[in-house]
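Peer 1: Predicted model follows, preceded by the sequence.
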Amino acid sequence: MDNSIKNFYSDYSDKILQKRFNSPYALRRYVHLKQYEAFLGYVEPGMRVLDAGCGEGVLSVMLAQRGAIVTGCDLSIPNIENARHHSKEVGVDNIEFLVADLENIPFADSSFDLVVSSHVLEHLPDFDQGLREIMRVTKRRAVIAIPTILNPCSMVQVGGGWFYLKGPRSFLAVFWGFLKMFRALTLGQEGVNESYGREDIPHIFRFPWIMKSKINKEKFKLTEYEASSLCLPYFSNGLLVIKFLDQYKSKKIFRNLGYGTTYVVEK
């Protein structure tokens, strides 16, 4: 099973630049930009930073533009090829990319001042091993974002719709996704698997407290966490409302309700 998952992702192209960063849908662009921005406040010029699961290098380039010395790694060969092309196109040279398995990161202990990882751990056959590897190669701190299930946009996604696209399928999806979330909650499951068209390919929207329990289990320290965005589905003309809500995404009452959650973890 592990090999089939890794074989799938080694040839999988995320097309993040095309589908998300340059999406024709304003709501989709906004949500992903907010996720990338959540990492930037932890980066200082000269820091050596690993982007663990860098995809096509969008976040890696943003980190490098902040003055960090960035290494991006990803299991996908097409992603790494596209990341190299993107960084050259943008014109940053304080960055390098390599193909690597996040369950076995090819660097020594404490090699980086900071490790960032944006929506990657949920794809791994062994989530906990990926978390351990991220913490092994950082000197002290990692900033990790994963998809979480308590936001209505998350429910749309696991319900088979698209949160950024109006249509009959999407409007029904929020109710189906809510039922899946409620079922997972009552059964004590970690979350709901959206999958990538195959049930054996993991892409689990977890309950926010699951990540906290995994951090505690490994005896790491969770110093802070927040909702990546308090987005609402379907209506791009509601972005002003979402931007207003996102001012409060770190508040205790809202931080579990994001379309994704961003965790700051220390050794």
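Peer 2: The structure has been received and is ready for your questions.
Peer 1: Burial check on T71, number of neighbours?
Peer 2: Residues within reach of T71, counting by other CB atoms under 10 Å, total 22. Where C-beta positions appear, they are placed from N, C-alpha and C, glycine not excepted.
Peer 1: what sits against N151?
Peer 2: Listed by CB atoms under 8 Å, 6 or more residues apart in numbering, the contact set of N151 reads A227, L230, C231, L257, G258, Y259, G260.
Peer 1: residues making contact with the longest helix along the chain?
Peer 2: Ranked by residue count and defined by DSSP state H, the top helix of the chain is helix 168-186. If you take CB under 8 Å, 6+ apart as the criterion, helix 168-186 is touched by 149-150, 152, 154-163, 190-192, 207, 233-234.
Peer 1: Show the subsequent helix or strand relative to that helix.
Peer 2: strand 191-193 (DSSP states H and E).
Peer 1: quick check: longest strand of the chain.
Peer 2: Using DSSP state E, we find that the single longest strand of the chain is strand 138-146.
Peer 1: low-scoring pLDDT stretches of this structure, where are they?
Peer 2: For the chain, residues meeting the criterion pLDDT under 70 lie at 1, 168, 196-197.
Peer 1: Tell me where it has strands.
Peer 2: Under the criterion DSSP E, strands of the chain are mapped to 48-52, 69-74, 95-99, 112-118, 138-146, 191-193, 204-206, 221-227, 261-266.
Peer 1: Relative to S23, which of those strands is closest?
Peer 2: Set against S23 and scored by CB to CB, the strands of the chain come closest in strand 112-118, at 16.2 Å.
Peer 1: Same question for the closest one: list its buried residues.
Peer 2: By 16 or more other CB atoms under 10 Å, the buried positions in strand 112-118 come out as F112, D113, L114, V115, V116, S117, S118.
Peer 1: Identify the residues contacting the fourth one.
Peer 2: Contact partners of V115, counting by CB under 8 Å, 6+ apart, are V49, L50, A52, I134, M135, V137, T138, R141, A142, V143.
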